[in-house]
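One predicted model, sequence on top.
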Amino acid sequence: MKKVIFSLLFALTISLVQAQSKSINSPDYQNALGVKIWNGGGISFKHFFTDKDAGELFGYFWNQGFRVTGLYEIHGPISGASGLKWYIGPGAHVGFYNVKNGNGSFVGVDGVLGLDYKFNSAPINISLDWQPSFEFGEGRGFYGNWGGLGVRYTF
């Protein structure tokens, strides 16, 4: 009986140590929710489908209107920098603008290039990216001033 109890306690201890080690030391996360800031601000949600493939959805609010963007991001590690990854990918958006800035709804395609960092000892992720886009419609075109600084809670 002592051997069974000892074996169970040993297995439980090993499981807890491995789980704690993975959650504290792993730079990876599956979901993140937070804000993205540039000339305005927005709400950002990021989800990893695999360890390299993620989707990001955000709503961006600023003085010219509102924009909803979806991105597919491919991540890769940066050697020697634990928790830091580069990412790149395509996406699309729809923007709703006020009278002064187009008065309507427009769609566009996006690209993204950035850096993503997950703190090892805290459930916090930060990112910095550039998101060039092309918007279709009269008076629309290429925009190279999108992107931002993201700060998110990971879970």
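Now that the structure is in, tell me what you want to look at.

Buried residues in the strand or helix carrying Y72, which are they?
Here Y72 sits within strand 65-77, counting by DSSP states H and E. By 16 or more other Cβ atoms under 10 Å, the buried positions in strand 65-77 come out as 65-67, 69, 71-73, 75. Any C-beta I mention is one placed from the backbone N, CA and C, and that applies to glycine too.

Flag whichever of these scores worst on pLDDT.
Among the buried residues of strand 65-77, G65 has the lowest pLDDT, at 88.

tally of neighbours for the closest residue to that residue other than its chain neighbours?
Using Cβ to Cβ, 6 or more residues apart in numbering and skipping residues adjacent in sequence, the residue nearest G65 is Y97, 3.8 Å away. Y97 sits with 17 neighbouring residues when counted by other Cβ atoms under 10 Å.

mind listing what R152 touches?
Counting by Cβ atoms under 8 Å, 6 or more residues apart in numbering, R152 makes contact with 32-35, 44, 46, 124-127.

So how do I select the buried members of these in ChimeraX?
Selecting the buried subset of those in ChimeraX, with 16+ other Cβ under 10 Å as the burial test, is done by:
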select :32,34,44,46,125,127
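
out of the contacts of R152, who's nearest P90?
Within these, the smallest distance to P90 is 15.5 Å, found for K46 (Cβ to Cβ).

OK, contacts around that closest one?
31-33, 54-57, 73, 125, 150, 152.

Dump those to CSV, plus distance to G83 and secondary structure.
Putting those into CSV (distance: Cβ to Cβ, whole Å; DSSP: H, G, I helix; E, B strand; the rest coil) gives the following:
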residue, distance to G83, secondary structure
N31, 16, strand
A32, 13, strand
L33, 18, strand
A54, 15, strand
G55, 20, strand
E56, 18, strand
L57, 23, strand
E73, 16, strand
N125, 9, strand
G150, 15, strand
R152, 14, strand
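
Thank you kindly, that will do.
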